[in-house]
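Student: Here is a sequence with its predicted model. Questions after.
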Amino acid sequence: MARVPYADENSSPEIKALSERIRAERGGRLLNLYKMLLNSPSVAAGWLSLLTAIRQVCELRGDHRELAILRVAIVNGAQYEYRAHIPYALKEGVTQAQIDALDEWRKSPLFSEAQRAVLAYTEAMTREIHVPDPVFDALRPHFSPRQIVELTATIAAYNLVSRFLEALAIDAEAAHAQVAKR
């Protein structure tokens, strides 16, 4: 159960308008994450802008983005985030076998060199914060400076997401629970 009550999306004209914007940018749904964020409309609006840019406007390939997001979620123990992103990862071409191998990705032959560079960078940013030069240098053959910035922002943003979700014990939606049962 969430530690803070979810906001009522009809509690004010400002929150109602923001709820409509969220629904428009997020496929018609208002997830519990956003219901929680609506407790602070200014934070919710900034969050929406940042995450929309990362997920919908960047040049970074979707499989790289989603592998990074799933690995962040695993490292941080953020089940809500992990479950929510499995369908997106599959849609972006990540295979179920790759998703299943993410816990032991270093031992798996299922990942390309670019994907391995993404996963190593994700772990370093998430666990150590200070990324060792060899880990960073492994990105260079596969990604442009813009894509490296976008990957870095993705990893940083989804560390924010997982920490927010877990600190406030935000409840997973029923659809996320169904994905976990597969």
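Tutor: Nice, I can see it.
Student: domains of this structure?
Tutor: Per automatic domain parsing, the structural domains of the chain span 13-56, 62-181.
Student: so can I have a markdown table of those domains showing mean pLDDT?
Tutor: As requested, the domains of the chain are exported to a markdown table (pLDDT from 0 to 100):
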| stretch | mean pLDDT |
| --- | --- |
| domain 13-56 | 95 |
| domain 62-181 | 94 |
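Student: Which other helices and strands does the top helix by length along the chain contact?
Tutor: For the chain, the longest helix by residue count, based on DSSP state H, is helix 145-167. Here helix 145-167 is seen to pack against helix 32-37, helix 41-56, helix 62-76, helix 79-91, helix 113-123 when contacts are counted using 3 or more C-beta pairs under 8 Å, 6 or more residues apart in numbering; DSSP states H and E. No exception for glycine: its C-beta is placed from N, CA and C like everyone else's.
Student: Can you tell me what sits against that helix?
Tutor: Residues external to helix 145-167 that are found in contact with it (C-beta atoms under 8 Å, 6 or more residues apart in numbering): 3, 33, 36, 50-51, 54, 58-60, 64-65, 68-69, 72-73, 76-78, 80-81, 118, 121-122, 125-126, 139-140, 143, 170.
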